[in-house]
Every structure is written in C-alpha cells, then in structure tokens.
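Colleague: quick one, structure for this:
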Amino acid sequence: MLGRLLTGTHECNLDDRFRLAIPARLREPFAAGVVVGWWIDDCLIAVPKLEWSGLMERIFGQMSVLDDDQRELSRFLMAGAFEQELDRQGRVILPAELRAHAGLDRVAKVVGTGEYLEIWEPGALASRFTALRDEGISTRAKRLADRVA
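Modeller: Okay, the predicted model is just below:
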C-alpha cells in the first residue's frame, strides 16, 4: 500500500507525442514505473507499478473465473494496461487506444483517488461532478452508508 494518498485535481497538457506529465507532487510513488490503462469509467487509470498486482487482486481475488462478467471485466482491464517507466520529466505515453477510450485530445484532468490516479477528459469529469452535485452529495453518501449497514 502507498505511504501517502494520491489526492487533488490537476489540469495537464499532453505534448505533441501524447505524453502526460504526472504532476510533480504526485510522482514519488511512480519512481519504479507506472501501469496506465483503461478504467471502469470513461477514463484512464495510472497505478504505481508496484501496486498494480495488489489492486487487481483486491478487485478480482474473490471472483470466479467461471463468472462471465468477471472474465469480461478482467480481460478488458488487463488488455488495456500498459506498463512503462516515467521519463526524466515525469511523463508517461498515452497510446492512441487509451486516448480514444477516455476521449482525450490535448488536455487532461488528473484526479488523485487515494491509491491511484484517474485521467479524464476535462468536460467528462466536469459532467460527472455536476451530476453528483445535482443528485446531492449527502444523498449519495447516505445511500453508500445504507449499503454498508
């Protein structure tokens, strides 16, 4: 598990080679490399390389390979995962198939979600946050609390 939580929202530009610089204050956990891939929402995920297998184990560890939904989701996430090293400027390449999944062009919003980063097309993230606010954040929190109880 990471020594510190990855937090905040950061606007980042993709360069002409479609490289995204991980914000400097978030780079340290990625020193050993990064796995960037398709994520469950219409965004990308960036996970410190040393944390990737643990995250996948937590997601799929208790699921059965005989379950069609589990196999499809596992296949999707693993097929879209690219392991790479950050360059000297802390950049990671976003291949065309990843950019297409997230609808990315030249600007991305990088969102810290605790143990990993999500990479969003700015308008898509704004729409998600607007929908959550319209629903009522406390309403969503109560619904989640009711599931746990």
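
Colleague: helix or strand right after the longest helix seen in the chain?
Modeller: Counting residues, the longest helix found in the chain (DSSP state H) is helix 122-135. Note on helix 122-135: by DSSP states H and E, the next helix or strand toward the C-terminus is helix 137-148.

Colleague: quick check: buried residues in that following helix?
Modeller: Using 16 or more other CB atoms under 10 Å as the test for burial, helix 137-148 gives no buried residues. Heads up, the C-betas are built off the backbone N, CA and C, glycines and all.

Colleague: can you give me the helices in the protein?
Modeller: Secondary structure of the chain by DSSP H: the helices cover 49-60, 68-79, 96-102, 122-135, 137-148.

Colleague: which of those sits closest to Ile40?
Modeller: helix 68-79 (7.7 Å; CB to CB).

Colleague: which strands and helices sit next to that closest one?
Modeller: In terms of contacts (3 or more CB pairs under 8 Å, 6 or more residues apart in numbering; DSSP states H and E), helix 68-79 is packed against strand 34-38, helix 49-60.

Colleague: return the most buried member of the ones you listed.
Modeller: Most buried of the helices and strands packed on helix 68-79, by mean neighbour count (mean count of other CB atoms under 10 Å): strand 34-38, with a mean of 23.

Colleague: now it: average pLDDT?
Modeller: For strand 34-38, the mean pLDDT works out to 96.

Colleague: pairing partners for that strand, with directions?
Modeller: Partner strands and pairing direction for strand 34-38 (DSSP bridges) are strand 44-48 (antiparallel), strand 82-84 (antiparallel).

Colleague: for these, give me TSV that also has mean neighbour count and mean pLDDT.
Modeller: Formatted as TSV, the strands paired with strand 34-38 follow (neighbours: other CB atoms under 10 Å; pLDDT from 0 to 100):
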stretch	mean neighbour count	mean pLDDT
strand 44-48	24	97
strand 82-84	14	95
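
Colleague: look up how far Ala81 lies from the residue nearest the centre of the chain.
Modeller: Note on the chain: the residue nearest the mean C-alpha position is Ile45, at 2.2 Å, using CA atoms, centre = their mean. Going from Ile45 to Ala81 by CB to CB, to the nearest Å gives 8 Å.

Colleague: wait, which of the helices of the chain is closest to Lys109?
Modeller: So among the helices of the chain, helix 122-135 is nearest, using CB to CB, at 4.8 Å.
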